[in-house]
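Trainee: Build me a model:
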Amino acid sequence: MKANNSLRSIILSLAFLMPIGMMLNAQKVNFWRPYGQNGLHVFEPGKADTVPFDGLKVRIGGAFAQQYQGLEHSNEATAVTKTVGGVEYNPNKLYALGKGFNLAEANMYIDAQLDDGIRLAVEGYMSARHHQEFWVKGGYIQVDKLPMFGNPEWFTKYFRAKIGHFEVNYGDQHFRRTDGGNAAWNPFVGNYVMDAFATEIGGEVYAFPTKNVTAMVGMTSGLINGDITQNTKKPSVYAKLAYDNNISDNMRFRISGSVYANKESGRNTLYGGDRTGSRFYLVMEAAQFVPRGASTLSSANATDNAFSGRINPGFTTNVTAWQIAPFVKVSGLEVFATFEQAKGYASSDPKTEGEFVKRKATQVAVEGLYRFLPREQVYVGARYNTVKGQLNARISGDQSVNRLELVAGWYATRNLLLKAEIVNQKYVDWPTDNIFYKGQFNGFMIEAAVGF
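Mentor: Numbers count the residues shown, from 1 in each chain. Predicted coordinates for the structure are as follows:
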């Protein structure tokens, strides 16, 4: 599906899904997170057995999002002249931004209750900035009961297993981020500056020793897709411990700690695994660039420059990361924060005395929201997000990126969200010959999102 045909594709997708949805969406699945407003504040689905098993059930859902962008950007980088194919260009000259609509994005979900306590999920991107063709995000089986062994109570009450190609459960911010067309759980338009999100092949085992504690350990391939080549690669291992308690009728407190490590990967994508792209189209992108593997110039475009406004530290060969995330909700007021540190290197990093030197990046994000009116259908909020560290292996010292977002949103229905935000992002301590030197972008974003 090409970008200029995206609207037609979305309409066709809706026409395809709606009649099937009317037939199948009445079928409920268990131990599952709804895709609309009802999925807010759900992290790992709980072990409450709320849907009795009554044979094979299939649910088809979707998520759609459209934005109007009104951003501008600037920098003060030194002009640099390079020549490619006999053509001179300045790689520090920014793309000429204007106002307009971004690509409409769409996701498709198939959730099937295969047996009592056994659920299958298949997730696909029907339209996305980075992959505009239909692209399967992943699929996995979640096991909350063992009907083949008579549903032993010890497993039903206290354990869960997840196997397949899935979104790695590292940190809590990935439960509140935008994922392609799925924007109904994110109160803001953008994701984090350093976006920890990856899909990998492997398994996770959960334990629920008490009502308020969740523990998880996982092991995956450490890669975004399969790889059977004979090369040196190690699996990723990770873990999470979370405490979540409704202290009173109107107060909830959760805190989680996560760790993720890969000693040697062929190409780890913990901070580059998003196959949909950033919401801020072409901010801080060069007007012209040479695509990877090419020998001719190309103009900046939404697909090749899909991750505008983000920072990927590039820990693709070796990475160790940890994250602490507290969440507090008192009536309509909620605060969510993330403190994260990551270190590692890529095989392309320069060596010091024949050895790779691990670089480090630190991320802090704090957001506050107030939700009001019946069913908390309206909200206002703010988020501050900063990343600091040696973010580029070929630039010495630390650089930083700071973002402030102010947002207002309205759940017109439980499945339809409208939101508008003002965003300002600045780049600090980048060298004068880098495109980010005294760089910034700011302006407004308007987004409509559907999830069902």
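
Trainee: And the pLDDT for residue 422?
Mentor: At residue 422, the model reports a pLDDT of 98.

Trainee: That one: neighbour count?
Mentor: For residue 422, the neighbour count with other C-beta atoms under 10 Å is 16. The C-beta positions use only the backbone N, C-alpha and C, and glycine is treated the same way.

Trainee: residue contacts, the nearest residue to it once chain neighbours are set aside?
Mentor: Closest residue to residue 422 apart from its sequence neighbours, by C-beta to C-beta, 6 or more residues apart in numbering: residue 406 at 4.7 Å. The neighbourhood of residue 406, defined by C-beta atoms under 8 Å, 6 or more residues apart in numbering, consists of 381-382, 421-423.

Trainee: any chance of these in CSV, plus distance to residue 61?
Mentor: Below are the contacts of residue 406 laid out as CSV (distance: C-beta to C-beta, whole Å):
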residue, distance to residue 61
381, 26
382, 31
421, 26
422, 31
423, 29
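
Trainee: Sticking with the residue nearest to residue 422, tell me its helix or strand.
Mentor: Assigned by DSSP states H and E, residue 406 belongs to strand 399-413.

Trainee: Show me what counts as buried in that strand.
Mentor: Neighbour counts over strand 399-413 (16 or more other C-beta atoms under 10 Å) mark 399-403, 405, 407, 409, 411 as buried.

Trainee: Closest one to residue 60 out of the residues you listed, please.
Mentor: Nearest to residue 60 among the buried residues of strand 399-413 is residue 411, at 22.1 Å by C-beta to C-beta.

Trainee: how close does that closest one sit to residue 84?
Mentor: 49 Å (C-beta to C-beta, to the nearest Å).

Trainee: before we move on, what about residue 142?
Mentor: According to C-beta to C-beta, residue 142 and residue 84 sit 49 Å apart.

Trainee: Please say which of the two ends up with more neighbours.
Mentor: residue 142 (24 against 16).

Trainee: For that one, which non-adjacent residue is spatially closest?
Mentor: Nearest non-adjacent residue to residue 142 (C-beta to C-beta, 6+ apart): residue 119, at 4.7 Å.

Trainee: so the one you found touches residue 139, yeah?
Mentor: No. Checked against C-beta atoms under 8 Å, the pair residue 119 and residue 139 is beyond contact range at 11.3 Å.

Trainee: Those two - which one has more neighbours?
Mentor: residue 119 (22 against 14).

Trainee: In contact with residue 173, which residues are there?
Mentor: Contacts of residue 173 (C-beta under 8 Å, 6+ apart): 192, 196, 323, 325, 338, 365.

Trainee: redo that, cut-off 10 Å
Mentor: 186, 191-192, 194-197, 258, 323, 325, 336-338, 340, 363, 365, 367, 385 (C-beta atoms under 10 Å, 6 or more residues apart in numbering).

Trainee: Which strand runs longest in the chain?
Mentor: Ordering each strand of the chain by length in residues (DSSP state E) puts strand 57-74 first.

Trainee: So what's the model's average confidence on it?
Mentor: Mean predicted lDDT for strand 57-74 stands at 97.

Trainee: Which strands and helices lie in contact with that strand?
Mentor: Judged by 3 or more C-beta pairs under 10 Å, 6 or more residues apart in numbering; DSSP states H and E, the packing partners of strand 57-74 are helix 6-24, strand 100-101, strand 105-115, strand 118-127, strand 416-428, strand 440-451.

Trainee: shouldn't residue 398 be in contact with residue 391?
Mentor: Yes. Contact status for residue 398 versus residue 391: in contact at 7.9 Å, counting by C-beta atoms under 10 Å.

Trainee: Settle it for me: which of those two has more neighbours?
Mentor: Neighbour totals were compared for residue 398 and residue 391, and residue 391 leads with 24 against 15 (other C-beta under 10 Å).

Trainee: my read: that one touches residue 431, true?
Mentor: No. The pair residue 391 / residue 431 is not scored as a contact, 11.9 Å apart, by C-beta under 10 Å.

Trainee: shared neighbours of the two, anything?
Mentor: residue 399.

Trainee: how about residue 156, phi and psi?
Mentor: Dihedral angles of residue 156 (phi, psi; degrees, to the nearest 10) stand at phi -60, psi -40.

Trainee: quick one, what contacts it?
Mentor: 47, 49, 116-117, 144-147.

Trainee: Tell me where the stretch 151-300 of the chain has helices.
Mentor: 153-158 (DSSP state H, counting those that start in this stretch).

Trainee: Alright, that wraps it up for me.
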